[in-house]
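**Student:** need a 3D model of the sequence below.
(chains A and B)
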Amino acid sequence: MQAILLVFIPTLTIVPVAIAASLAMRKISHAAIEGMTRQPEIAPQLFTAMLVAMALVEALVIYCLVIALMVAAKI
Amino acid sequence: MSETMRHLMPYIVIFNFALVALVLVALAFVTTRRKPSEVPGTVQNIAEYVLEWFVQQARDMRPDGVSVIAPFLASLFLFILFSNLLSVLSFPVINVPPTSYYSGTLTLALIAILGITVISARFNGLAGAVKHLFWPNPLQLIAEVGHTLSLSLRLFGNIGGEFMVALLVAKAAPYGIPLIIHALGLIPAFIQPLVFTLLTTNFLAEAIHTEEKRPRKEKRQEVSPIEQPSSEPVR
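**Tutor:** Next up is the predicted model:
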């Protein structure tokens, strides 16, 4: 039982969040790349804005990763 | 990671931070000993590009504080970048990036947040800096804690996660494949310092922002309705 929990709880913590975050990142990069191709002259500003937005999404995944690691260490 | 290594981890982190700081100070001495030439070489070009980027950020934020803000941001960026890049070295103890340990990244985030408060105290006065913590709403103080946590956890998750994956892969397949993992790890090693500095820039801009009654630089051009291009459909 312990071993099963050890495998499943961290996995089930991180996988749905990773899926959701990848969908969000798809939308961000889609919009940013579209903007860059339409207006190449503001591409650097768009790139930095995209990085910040990606970082904000990524933070949520990282929180879940930390929780998963804590759970994995506890069990 | 062996058990003794785990116990020694805090000392390794401190040693590697000190090593990175020493390398950066040495680099600064070596590169600034010579006068910059009129026609920049490769190294000077890269250095000027990086510095110009930070100066531009600082100038956008506060034109009179470039000499305070730009060095703060640039040193944070370079320190984190070099700490991350330690993982590509092939020496046994030195190749543990200090940013893959939570205490290390928490230190960096605390330095960033404290630096923001100090710089804001320098521009807006101590009262202004303290007022920013409670104004417009008293939850701003909790937001500062949140900023610290998010900055440190993001850096730790990216670099530490990559480091952990590299260790596990190296245990499973010792030859060849770790090379690919390390090459992929170079991407977050370059992106994360940039993200850290950008977010610090945003928080700093938020902190030193004051309601100035400065006149706008360019007036909006008033277009009289007669001169507007007609958008009537052609009949």
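
**Student:** all helices for chain B, in order.
**Tutor:** Residue ranges of the helices in chain B, as given by DSSP state H, are B:3-33, B:42-61, B:66-85, B:102-134, B:140-155, B:161-172, B:177-207.

**Student:** give me the buried positions along the shortest one.
**Tutor:** Of the residues in helix B:161-172, B:161-163, B:166 count as buried by neighbour count, 16 or more other Cβ atoms under 10 Å in any protein chain shown. No exception for glycine: its C-beta is placed from N, CA and C like everyone else's.

**Student:** tell me the contacts of the closest residue to B:T117 other than its chain neighbours?
**Tutor:** Once flanking residues are discounted, B:T117 sits nearest to B:A129: 5.6 Å by Cβ to Cβ, 6 or more residues apart in numbering or on different chains. Residues near B:A129 by Cβ atoms under 8 Å, 6 or more residues apart in numbering or on different chains: B:117-118, B:120-121, B:207.

**Student:** pLDDT weak spots in the chain?
**Tutor:** The chain I'm using is chain A. Residues of chain A meeting the criterion pLDDT under 70: A:75.

**Student:** I was thinking of chain B, sorry if that wasn't clear
**Tutor:** In chain B, residues with pLDDT under 70: B:1-2, B:210-235.

**Student:** and the residue nearest the centre of it?
**Tutor:** In chain B, the centroid-proximal residue (Cα atoms, centre = their mean) is B:T197; its distance is 2.3 Å.

**Student:** how many neighbours does the residue in chain B that chain A sits nearest to have?
**Tutor:** Proximity of chain B to chain A (Cβ to the nearest Cβ) peaks at B:G157, 3.3 Å away. For B:G157, the neighbour count with other Cβ atoms under 10 Å in any protein chain shown is 24.

**Student:** that one against A:L65, yeah?
**Tutor:** Yes - B:G157 sits in contact with A:L65 when judged by Cβ atoms under 8 Å, with a separation of 5.3 Å.

**Student:** quick check: the residue nearest the centre of chain A vs chain B, distance?
**Tutor:** Geometric centre of chain A, nearest residue: A:E58, 3.6 Å, by Cα atoms, centre = their mean. Applying Cβ to the nearest Cβ, to the nearest Å, the value for A:E58 to chain B is 7 Å.

**Student:** for A:E41, same thing?
**Tutor:** Remark: distance between A:E41 and chain B (Cβ to the nearest Cβ) = 16 Å.

**Student:** sorry, back to before: buried deepest among the helices of chain B, which one?
**Tutor:** Of all those, helix B:66-85 carries the top mean neighbour count, a mean of 20, counting by mean count of other Cβ atoms under 10 Å in any protein chain shown.

**Student:** thinking again about what came up before, distance check, the residue nearest to the centre of chain B against B:L108.
**Tutor:** As for B:T197, its distance to B:L108 is 11 Å (criterion: Cβ to Cβ, to the nearest Å).

**Student:** what touches both of these two?
**Tutor:** Contacts common to B:T197 and B:L108, judged by Cβ under 8 Å, 6+ apart, are B:76, B:80.

**Student:** longest helix anywhere in chain A?
**Tutor:** helix A:2-38.

**Student:** what's the first helix or strand after that helix?
**Tutor:** Counting by DSSP states H and E, the next helix or strand C-terminal to helix A:2-38 is helix A:43-74.

**Student:** elements contacting that following helix?
**Tutor:** Packing contacts for helix A:43-74, counted by 3 or more Cβ pairs under 8 Å, 6 or more residues apart in numbering or on different chains; DSSP states H and E, involve helix A:2-38, helix B:140-155, helix B:177-207.

**Student:** with respect to B:T42, which of the ones you listed lies nearest?
**Tutor:** When the helices and strands packed on helix A:43-74 are compared by Cβ to Cβ, helix B:177-207 sits nearest B:T42, at 17.9 Å.

**Student:** is the closest one in proximity to chain A?
**Tutor:** Yes - counting by Cβ under 8 Å from any Cβ of the partner chain, chain A is contacted by helix B:177-207 at B:191, B:194-195, B:198-199, B:202.

**Student:** could you do stretch B:137-152 as well?
**Tutor:** Yes - using Cβ under 8 Å from any Cβ, stretch B:137-152 reaches chain A at B:S150.

**Student:** got the contact list for that stretch?
**Tutor:** With Cβ under 8 Å, 6+ apart as the test, stretch B:137-152 has contacts from A:59, B:102, B:105-106, B:108-110, B:112-113, B:132-134, B:196, B:199-200, B:203.
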